[in-house]
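J.: Please find the sequence and the predicted model below.
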Amino acid sequence: MYSVDFVSQHRLYDGILYFIRHDSAATTTPMSATVFVPDVAEQRSDAPFPALYWLSGLTCTANNFTEKAGAYRKASELGLIIVAPDTSPRGELVANDPASDLGQGAGFYVDALQSPWKAHYQMETYVTRDLIEAIEANFPAAPGKRGIFGHSMGGHGALTLAMNHAHLYRSVSAFAPISSPMHAPWGEKSLSNYLGHDRSAWERYDASVLLGKGMGKAFDDILIDQGLQDPFLESQLKTELLEQAAATAGQKLTVRYRDGYDHSYYFIQSFIDDHIAFHAQRLK
Ligand SMILES: N[C@@H](CCC(=O)N[C@@H](CSC=O)C(=O)NCC(=O)O)C(=O)O
């Protein structure tokens, strides 16, 4: 059973925000995360509550979402636990790169196949196995009532992990996701380093490929918010590729383009309540 170290805790919005660290067999490093638990879930530990997993973007730790997204008032109101893990393994012995789109802070939620990355960069297995085990062993989180969402690199992670592990998650949404890492400079750089140059190995980490193959069918709808003044929209995110793939597969995908909004957490905090409500409806 996974134990967690409780680093600190803070009371907010009729709940507790825990900063935790726990060992991961996948990354073979300690991993950090935050967990918000509304009082209603603590009080009803006989009836475990839904948990929503947030995956952050490039350069982030768990703290960006925790401090900037403004998610916890709504989570408390709707009785949802929210878990925000780090974006990569970290440490002096963990491979790194000076660029912001590779290495520590840029794990891309894949299981790396290539050295030097494969020793610790096993983020798919970390998020879908070790993190879930640690949370469900130590918090009143219900197995079978999990949702996943994320931003940018984390939006790509949420979509691909949900579709590749549809038995684990009941709901999925994303803010400004990288729609097709195979057609984005960020994705091409990270996937070639983590997985190698055989692009066929990249397909299982490409949300548009998975959606086009009908792998989103477990989800009645997938919600995407995308800012129209996002500087990465045309070069990296390419939301239209997700829309084309969904149309091909007959998958319901709700994409909301937001005029004037950029790629930042100001955009995320503007629509986070909608995403939490979208998940709560499907997890209750
Ligand atoms: N400087 C980087 C991009 C940095 C950036 O915008 N990071 C985003 C996620 S981008 C996609 O994954 C982010 O969430 N930053 C943290 C924050 O608190 O705003 C570059 O230009 O490559």
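T.: Alright, I've got the coordinates.
J.: elements contacting the lengthiest strand in the chain?
T.: Counting by DSSP state E, the longest strand found in the chain is strand 141-151. Using 3 or more C-beta pairs under 8 Å, 6 or more residues apart in numbering; DSSP states H and E as the contact criterion, the elements in contact with strand 141-151 are strand 49-55, helix 132-138, helix 153-164, strand 171-175, helix 265-283. Any C-beta I mention is one placed from the backbone N, CA and C, and that applies to glycine too.
J.: element containing the closest residue to the ligand within the stretch 1-150 of the chain, please.
T.: Nearest to the ligand in the stretch 1-150 of the chain, going by C-beta to the nearest ligand atom, is residue 57, at a distance of 2.7 Å. Per DSSP states H and E: residue 57 is located in neither a helix nor a strand.
J.: Give me every residue in the chain lying close to the ligand.
T.: The chain comes close to the ligand at residues 57-60, 64, 68, 100-101, 151-153, 263-265, as judged by C-beta under 6 Å from any ligand atom.
J.: Nearest to residue 91, out of the helices and strands packed on strand 141-151?
T.: With C-beta to C-beta as the measure, helix 132-138 is the member of those nearest residue 91 (18.0 Å).
J.: hey, C-alpha coordinates of that closest one in PDB?
T.: Provided in PDB are the C-alpha atoms of helix 132-138 (Å, rounded to 0.1, in the frame of the first residue of the first chain):
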ATOM      1  CA  ILE A 132      -4.400   6.700  -8.000                       C
ATOM      2  CA  GLU A 133      -3.200   4.100  -5.600                       C
ATOM      3  CA  ALA A 134      -1.700   6.700  -3.300                       C
ATOM      4  CA  ILE A 135      -4.700   8.900  -3.300                       C
ATOM      5  CA  GLU A 136      -7.300   6.100  -2.900                       C
ATOM      6  CA  ALA A 137      -5.300   4.500   0.000                       C
ATOM      7  CA  ASN A 138      -5.000   7.800   1.900                       C
END
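J.: so what's the most centrally placed residue in the chain bridging to?
T.: The centre of the chain sits closest to residue 55, judged by C-alpha atoms, centre = their mean, with a distance of 2.3 Å. With DSSP bridges as the criterion, residue 55 is bridged to residue 150.
J.: now swap in residue 225 and tell me
T.: residue 175, residue 256.
J.: From here on, call the first residue 21.
T.: Renumbered: residue one is now 21, and that last one reads residue 245.
J.: surely it meets residue 295?
T.: Yes. Assessed by C-beta atoms under 8 Å, residue 245 is found in contact with residue 295 at 7.4 Å.
J.: any residues in contact with both of those two?
T.: residue 195 (C-beta atoms under 8 Å, 6 or more residues apart in numbering).
J.: low pLDDT regions in the stretch 21-170 of the chain?
T.: 21, 64-66 (pLDDT under 70).
J.: quick one: contacts for the residue nearest to the centre of the chain?
T.: 105, 107, 129, 147, 168-171, 173-175, 177-178, 181.
J.: List of residues touching stretch 127-146?
T.: So stretch 127-146 is contacted by 44, 46-49, 51, 75, 105, 107-109, 114-115, 147, 173-174, 176-177, 180-181, 184, 201, 207, 210-211, 213-216, 221, 225 (C-beta under 8 Å, 6+ apart).
J.: one step back: might you quantify the distance of the longest strand of the chain from its chain's geometric centre?
T.: 10 Å (C-alpha atoms, centre = their mean, to the nearest Å).
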